[in-house]
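In: Fold the following and give me the result.
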Amino acid sequence: MTKQQIYQIIHNPKWIKLLTFAFTALLGFRLFYFVHTHTANVLYMDQWDIYRGLFQDFNLWEAFRLQHGSHRQGIGALLSYGLAHLTGLSSFWEAHTMVSISILNSALAVWLLRKLIGHWHVAFALIPFLFINISSYEVYLGAPNPAHGLLPQTLALLIAACHFLKNNYLKTALLSVLLFLIMHTGYGYFMVFFYALFAFAELLSNIKQKKHLFLSSTFFVIIAAILGCFFINYATPMSTEEKQSIGLHYLWKLPAFATGLFSRTLGASRVNFVMLPAALVLGSLIFFSVRDYFSLLLNKKLITKERKILLILAGFSLLFTFAASFGRAPGGIGASISSRYIPFITLGLLAFMAYWIQSKHKWSLKVLFAFSIFFSIQELRPRGRDAKSAQEFYQGKLDFKNCYLQSEDFDKCNNQVDFYIYPPKISGRIPPRLDFLKERDWSLFK
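Out: Residues are numbered from 1 along each chain as shown. Model (predicted):
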């Protein structure tokens with residue numbers, strides 16, 4: 001068999017579609033099974049605060065605007081509260097719904113790259129590995145919160161997809177709605193921060209070309225209004241001590257921490273040799289993004305619609321990476337291995353893949369092939385360390401549940417092992433919420 005025949009087989013759209021579907025089905029089943037066998041029906045840590053709108057009978061707008069930490073809950077609250085009423089606040093239904101969102105995001109990403117590239121590429125079969133993986137187990141098994149990462153990921157992909165619309169007025173209207181939703185949903189606000197920079201560059205470009213001035217200027221005002229709306233009644237989430245712990249003396253740690261975030265998304269469960277390929281991926285993504293942003297800002301003709309879309313995805317991912325690195329670096333590089341950040345980094349890896357698929361360099365296919373093989377092996381290998389951590393989450397929650405159902409003594413059950421359902425110093429708010437759940441036979445009382 002000649003190289004040409006092998007090339008034709010590998011790039012046959014039918015085989016690529018079949019392979020992509022097969023990987024999606026297999027990885028989806030694996031993740032569903034893993035999540036189902038490691039889910040205990042009890043709220044954990046942040047969830048007790050995320051659901052406080054449920055305990056305090058918030059209306060839909062209050063739930064949508066609910067602030068948790070530095071972000072708001074947005075459509076995540078509407079989804080979580082709706083599921084709570086339908087399922088009796090079942091952690092199983094919540095976790096499985098989040099796995100379903102990951103599968104949906106994977107399918108949306110495949111469609112998006114197919115539109116971007118213009119044809120089917122064998123690398124598309126790698127996309128399910130990016131979105132449907134056990135590496136991100138904390139997203140489903142720690143303190144599950146759809147608003148934190150998965151729904152912003154969905155909205156970011158939809159925002160990118162909107163740029164294929166030919167009707168500029170319809171595109172602007174849909175983008176305005178999606179940007180409003182993502183601004184209020186988890187750390188999706190980083191998308192709006194970056195999109196404001198993107199829209200500003202587009203506005204300058206349109207001023208130079210003297211076209212779409214009314215639409216682009218109106219859109220920029222809408223983005224400013226969305227940002228302003230977010231900060232109405234906004235509470236600063238950081239204490240004075242936390243602010244003082246973050247300073248310029250931590251700047252030297254930021255590159256290592258950012259690389260750690262990417263290495264986690266590449267399958268590493270600890271700081272190890274994966275930092276090297278992660279640094280290469282992060283560096284190339286920064287290069288592509290800076291190049292394309294300044295091409296847009298300087299009104300160069302080489303910036304295509306496809307590259308604008310990749311810039312939006314990469315910019316969102318990188319801005320989150322830098323912000324998370326700045327905020328978490330004081331905790332040490334080990335904190336970068338937390339798997340709950342993976343949904344944000346995944347969008348950067350998706351853009352990285354597309355950049356190299358589109359690249360005309362002779363060695364671009366070799367880079368992409370090496371990345372694909374490395375990442376696939378990382379994701380398919382036994383996940384012993386992650387499985388152990390997931391089991392610890394499961395067992396700790398289960399021990400609390402069994403203890404509380406027998407004794408109904410929250411303080412005793414919360415302190416019986418080195419696994420807290422809620423921080424003991426501020427746990428006084430939890431017993432009334434447990435009573436709320438017991439009255440309705442919800443959550444651990446089902």
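In: When you work out contacts or count neighbours from here on, use the C-alpha atoms and nothing else.
Out: OK.
In: which residues touch A278?
Out: For A278, the residues meeting the contact criterion (C-alpha atoms under 8 Å, 6 or more residues apart in numbering) are 259-260, 262-263, 266.
In: Pick the one among those residues closest to H36.
Out: H36 has its nearest neighbour among the contacts of A278 in L266, at 23.8 Å by C-alpha to C-alpha.
In: Near the closest one, how many residues? Count them for me, please.
Out: With neighbours defined by other C-alpha atoms under 10 Å, the count for L266 comes to 28.
In: K438: what's it in contact with?
Out: Listed by C-alpha under 8 Å, 6+ apart, the contact partners of K438 are F445.
In: any idea how far the spatially closest residue to G28 that is not a sequence neighbour lies from F34?
Out: With C-alpha to C-alpha, 6 or more residues apart in numbering as the measure, I132 is the residue that lies nearest to G28, at 6.3 Å, once sequence neighbours are left out. As defined by C-alpha to C-alpha, to the nearest Å, I132 lies at a distance of 12 Å from F34.
In: Below-threshold pLDDT in the protein: ranges please.
Out: Across the chain, the ranges flagged by pLDDT under 70 are 1-11, 237-252, 268-274, 300-302, 329-334, 359-384, 417.
In: Show me what the longest helix belonging to it packs onto, helices and strands only.
Out: With residue count as the measure and DSSP state H as the assignment, the chain has helix 91-117 as its longest helix. Taking 3 or more C-alpha pairs under 8 Å, 6 or more residues apart in numbering; DSSP states H and E as the contact definition, the neighbouring helices and strands of helix 91-117 are helix 13-36, helix 75-87, helix 127-131, helix 137-141, helix 150-162, helix 342-358.
In: at 6 Å what do you get?
Out: In this structure, helix 91-117 packs against helix 127-131, with contacts taken as 3 or more C-alpha pairs under 6 Å, 6 or more residues apart in numbering; DSSP states H and E.
In: Check what contacts the helix it packs on and list those residues.
Out: Contacts with helix 127-131, where a contact means C-alpha atoms under 6 Å, 6 or more residues apart in numbering, come from 24, 102, 106.
In: Output those residues as JSON lines; include the columns distance to L282 and neighbour count.
Out: As requested, the contacts of helix 127-131 are exported to JSON lines (distance: C-alpha to C-alpha, whole Å; neighbours: other C-alpha atoms under 10 Å):
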{"residue": "T24", "distance to L282": "26", "neighbour count": "22"}
{"residue": "S102", "distance to L282": "23", "neighbour count": "24"}
{"residue": "S106", "distance to L282": "21", "neighbour count": "21"}
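In: So which of these is the closest to L285?
Out: Of all the contacts of helix 127-131, the one sitting nearest L285 is S106; the distance, using C-alpha to C-alpha, is 20.4 Å.
In: How about the contacts made by that closest one?
Out: Applying C-alpha under 6 Å, 6+ apart, we find S106 in contact with 128, 131.
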